[in-house]
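Peer 1: Next input, structure requested:
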Amino acid sequence: MTSGITHENNIEMLKFDDYRTYFLSQKVEYKPGTYYKYHSATSHMLGAIVHKITKKTLKEYVDQKLFIPLGITNYHWADAKEGISFGGYGLSLNNDALIKIGQLLLNGGTYKGKRYISKAYLNMATKPQSIKQDYVDNPNTKAIGYEYGFQFHISPNGSYRADGAFGQIIVIYNGLAIISTAQYTDYEFLYQKIYDHFSNIYEGNFDNEILNSYLKNLTFIQQNKDKFNLRQTFEMNANPLKIKHVKFSDDYILLTYENGQTDEIYYNFNQDSYGVSYFAKDLYMIKQPHWVIPNVEEDKLTLKILYIETPFFAEYKFKFKENHVTLEFKPSPNFLLNGFTVGSKR
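Peer 2: Numbers count the residues shown, from 1 in each chain. Have a look, this model is predicted:
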């Protein structure tokens, strides 16, 4: 992260047919190696170098050397437009995979007795190699810290971590590998809580009977509500999602896009509703499995779409007035979409 490039604009990068060209088009403000600035395209160039040397994409190389030997096969890695794995972000791993990687790091590069990462390299990668100069003396980064290794963040207490976007992390601290897959993105708060809680490790005996009794009583109560009764189709004004029509029925909405593709989103006030719909996934808009939470208030219908095994969600809030509907779209933080409000054509 010390390439000397200080300006990052991922939306601008997506306009390029080759993300390596985007990186090379950036102005180098500082002598490489002297100034820290987080820059996803810089990490992508490391992946491009791996591809150049090994003749394998990052996905192919990591599959061969690490993932398949560890039994990590159920994951997604986004490709850049030039046809190689994107090295800046776009790797989606489930909890099982994160636990295996956490155990690998905790063991200093070994897993089930076999070495996969050089101990000497890992020692270098997890020790300070550069200073995040903008973080020094910042009261909001006391737990986050101001040091960086080789693609690992270093905290003042000596712990290190792999930070994923939007709350997905692996922290190695106090002899533990701590995994978080949350939608919470206040990292300073999150890390401070982790360090406070795990600074002393309880070594006594747990009462499994009390624990199991508590877990059995955990439940989610869903209130029964009447159906939302509306059978009407609206033509929408121009909007960033390029939704052309919205059709309402008793238990679903049908979104039709300008390119002819559709999203049929079912909802039910009395039971869970699952389906698939388009949302931002790293570099692209793709169909993803979701869970729907509906809510109705007089002239409003709100559908909160939670995308399964991701930190992403989207809220569609429809407000009706006579023969007109207004859509307020609010997505969770992501790399492609912003919120907007649009009305139907009159």
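
Peer 1: got a pLDDT number for residue 297?
Peer 2: We note a pLDDT of 86 for residue 297 in this prediction.

Peer 1: bridging residues for it?
Peer 2: residue 300 (DSSP bridges).

Peer 1: if I look at it, how far off is residue 321?
Peer 2: 14 Å (Cβ to Cβ, to the nearest Å). Bear in mind the C-beta positions are built from the backbone N, C-alpha and C, glycine included.

Peer 1: tell me the mean pLDDT for stretch 303-314?
Peer 2: For stretch 303-314, the mean per-residue pLDDT is 89.

Peer 1: tell me how far it is from the chain's mean position?
Peer 2: Per Cα atoms, centre = their mean, to the nearest Å, the displacement of stretch 303-314 from the mean C-alpha position of its chain is 11 Å.

Peer 1: cool, stretch 62-77 as well?
Peer 2: Worked out by Cα atoms, centre = their mean, stretch 62-77 lies 19 Å from the chain centre.

Peer 1: So for that stretch, what gets flagged as buried?
Peer 2: 62, 63, 66, 67, 70, 72, 76, 77 (16 or more other Cβ atoms under 10 Å).

Peer 1: Identify, from those, the entry nearest to residue 245.
Peer 2: Using Cβ to Cβ, residue 76 is the member of the buried residues of stretch 62-77 that sits closest to residue 245, with 30.3 Å.

Peer 1: my read: that closest one touches residue 94, true?
Peer 2: No - judged on Cβ atoms under 8 Å, residue 76 makes no contact with residue 94 at a distance of 9.8 Å.

Peer 1: buried ones in the helix or strand hosting residue 104?
Peer 2: For residue 104, the element it lies in under DSSP states H and E is helix 95-106. Neighbour counts using 16+ other Cβ under 10 Å place 97, 98, 100, 101, 102, 104, 105, 106 of helix 95-106 among the buried residues.

Peer 1: repeat for stretch 19-30
Peer 2: Per 16+ other Cβ under 10 Å, stretch 19-30 contains these buried residues: 19, 20, 22, 23, 26.

Peer 1: what are the phi and psi angles of the second one?
Peer 2: Note on residue 20: backbone dihedrals following degrees, to the nearest 10 are phi -70, psi -40.

Peer 1: Just the CA atoms of stretch 279-286, as PDB, please.
Peer 2: Extracted in PDB, the C-alpha atoms of stretch 279-286 (Å, rounded to 0.1, in the frame of the first residue of the first chain):
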ATOM      1  CA  PHE A 279     -27.600  -6.700  -6.200                       C
ATOM      2  CA  ALA A 280     -24.000  -5.500  -6.200                       C
ATOM      3  CA  LYS A 281     -21.500  -8.200  -5.800                       C
ATOM      4  CA  ASP A 282     -18.000  -6.700  -5.700                       C
ATOM      5  CA  LEU A 283     -17.400  -5.700  -9.300                       C
ATOM      6  CA  TYR A 284     -20.800  -6.600 -10.900                       C
ATOM      7  CA  MET A 285     -24.500  -6.800 -10.500                       C
ATOM      8  CA  ILE A 286     -25.500 -10.500 -10.200                       C
END
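
Peer 1: Tell me which residues of that stretch come out buried.
Peer 2: Going by neighbour count (16+ other Cβ under 10 Å), the buried part of stretch 279-286 is 279, 280, 281, 282, 283.

Peer 1: Doesn't residue 214 belong to a strand?
Peer 2: No - using DSSP: H, G, I helix; E, B strand; the rest coil, the assignment for residue 214 is helix, not a strand.

Peer 1: Just the CA atoms of the helix or strand bottoming out on mean pLDDT in the chain, as CSV, please.
Peer 2: The helix or strand of the chain with the poorest confidence is helix 208-216; it has a mean of 83 (mean pLDDT, DSSP states H and E). C-alpha atoms of helix 208-216 as CSV (Å, rounded to 0.1, in the frame of the first residue of the first chain):
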residue,chain,number,x,y,z
ASN,A,208,-23.3,-26.8,29.4
GLU,A,209,-26.7,-27.4,30.8
ILE,A,210,-27.3,-23.7,31.5
LEU,A,211,-25.9,-22.7,28.1
ASN,A,212,-28.0,-25.2,26.2
SER,A,213,-31.1,-24.1,28.1
TYR,A,214,-30.4,-20.5,27.2
LEU,A,215,-29.9,-21.3,23.5
LYS,A,216,-33.1,-23.3,23.3
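
Peer 1: follow-up on the earlier one: any chance of CSV for the buried residues of stretch 19-30, columns pLDDT?
Peer 2: Rendered in CSV, the data for the buried residues of stretch 19-30 read as follows (pLDDT from 0 to 100):
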residue, pLDDT
19, 93
20, 94
22, 93
23, 93
26, 92
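
Peer 1: that older thread, just name the closest of the buried residues of stretch 62-77 to residue 341, please.
Peer 2: residue 76 (31.3 Å).

Peer 1: Distance check, the closest one against residue 85.
Peer 2: Separation of residue 76 from residue 85 (Cβ to Cβ): 11 Å.

Peer 1: Could you chop this protein up by domain?
Peer 2: 10-198, 232-343 (automatic domain parsing).

Peer 1: Show me how far the shortest one is from its chain's centre.
Peer 2: I take that to be domain 232-343. The mean C-alpha position of domain 232-343 is separated from the chain mean by 20 Å, Cα atoms, centre = their mean.
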